[in-house]
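>>> Predicted model and sequence follow; I will ask about them next.
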Amino acid sequence: MPWKESVIMDEKMKFIGRLIQGDKMSELCREFDISRKTGYKFWNRYKDIGLHGLTNRARKPHRYANKLPIQIENEILRIKQDKPSWGAPKIQEQLKRKYPEVKTPAKNTIHCVLDRNGLVKRRKRRRFKPQGTPFSKHQNPNDLWCADYKGEFMLGNKTYCYPLTITDFCSRYLLACEGQESTKEIHAFSTLKQTFQKYGLPKTIRTDNGLPFSSANALFGLSKLSVWWLRLGIAIERIKPGNPQQNGRHERMHLTLKQEATKPPGINLLQQQEKFDNFIQEFNTDRPHQAIDMKYPSELYKTSTRIYKGIEELNYPFHDRTVTVTNCGRICIRRNKINLSRALAGQVVGVKEINDDVWLVTFMNYDLGFFDLETKKVEPLEYPFAPEIV
């Protein structure tokens, strides 16, 4: 800060002034609370160049050991001007051949020179925009489950409750209604795992595009939860943003749930869960539903024949490499780090070189996109997870 520098300069001048008047160095250093080494440094600077020597000196070096010579930098720019379509690898090779006696700069160094001079064309990455998926026909129990969070509400102890609900589309059977402290995926994982263990696996799950079912900033809107469903062999359906009527049966259940199990709310989460459990029992076994000819959902629903057994190991026998996605969502090829998606962290993907330094990345049997080792970014293909229309 300027005022602080001014104060320090005043102190230095007082220190030098006292020395000129004949005060001893050791006594002055104790008074100003500095070492004798520092005191002599100020005094020697003053004797060499006067008061200017008391100002703070820039610590920036006069030269950089690894700085690219200006002649080489100009040659890089000249080659790029002559060959606008060339990138760093080709320019590096040209320099190596033309100037064998000079140490050739690395590709990254050449790329930085081009970038600094505005000669790198940045490709816009296609951002995934939720649009909903096609809906397939579902005629039997467990063909489609619907999942959503009913809007949060406050309990008697002033904490919020976020009910996660799961229903079977055909029978209207309410599979789960679990009051949770938040919409964090760890709680959703637990509820869904218990539901899978109890009722088996559905063919498809339909949700909206919100967390934790989907992530707006991730590749194809994937989340760790939806990746887990894919690993279990469950297809994903998503409604269009702003179109809750596409999950109308589930929303209608939410209206009944709100009227009968949240007014008044429970004092705490445990008491509220007891209300939810009673509502599940009545909704499934004691409440006739007009939409299913006044039957009870329990009269139509049967548990799935697809038993939950966890996830199986992935193999890619027709790919060049099998790579585990890092915790930060990257895959590493030839010491290059390629950004993919954190939603796939810990998952195994297959990569296949389809052209010189151009690779295809695949998850399970879904082709995700292409990347090259220069840009190190995955260019996604069309949305690969759309359910089959029967």
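Ah, there it is. Numbering: from 1, shown residues only.

>>> Could you chop this protein up by domain?
2-54, 70-116, 144-300, 321-380 (automatic domain parsing).

>>> pLDDT averaged over the shortest one - what is it?
Confidence over domain 70-116, taken as the mean pLDDT, stands at 87.

>>> Just the terminal-to-terminal distance for it.
One end of domain 70-116 to the other measures 14 Å (C-alpha to C-alpha, to the nearest Å).

>>> hey, where'd the helices end up in this structure?
For the chain, the helices defined by DSSP state H cover 2-20, 25-32, 36-49, 70-82, 88-98, 107-116, 185-199, 224-231, 248-261, 269-285, 297-300.

>>> for the protein, where's the lowest mean pLDDT among helices and strands?
Sorted by mean pLDDT, DSSP states H and E, the helices and strands of the chain end with helix 2-20, the least confident at a mean of 67.

>>> Distance to A386 and mean neighbour count for the domains of the chain - can I get that in JSON lines?
Heads up, the C-betas are built off the backbone N, CA and C, glycines and all. Converted to JSON lines, the domains of the chain look like this (distance: least, C-beta to C-beta, whole Å; neighbours: other C-beta atoms under 10 Å):
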{"stretch": "domain 2-54", "distance to A386": "61", "mean neighbour count": "13"}
{"stretch": "domain 70-116", "distance to A386": "35", "mean neighbour count": "15"}
{"stretch": "domain 144-300", "distance to A386": "9", "mean neighbour count": "18"}
{"stretch": "domain 321-380", "distance to A386": "10", "mean neighbour count": "17"}
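
>>> Format these as TSV; extra columns: distance to L314.
Listed next are those as TSV, based on distance: least, C-beta to C-beta, whole Å:
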stretch	distance to L314
domain 2-54	59
domain 70-116	32
domain 144-300	8
domain 321-380	5
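
>>> so which of the ones you listed comes closest to I307?
Taking C-beta to C-beta as the measure, the domains of the chain were each checked against I307, and domain 144-300 came out nearest at 5.6 Å.

>>> average pLDDT across that closest one?
For domain 144-300, mean pLDDT is 94.

>>> Who are the contact partners of R342?
Shown here is R342, whose contacts under the criterion C-beta atoms under 8 Å, 6 or more residues apart in numbering are 218, 327-329.

>>> could I get those as TSV with distance to K337?
Rendered in TSV, the data for the contacts of R342 read as follows (distance: C-beta to C-beta, whole Å):
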residue	distance to K337
A218	18
N327	12
C328	9
G329	10
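
>>> and which of the residues you listed is nearest L211?
After measuring those against L211 - C-beta to C-beta - the closest member comes out as A218, at 10.4 Å.
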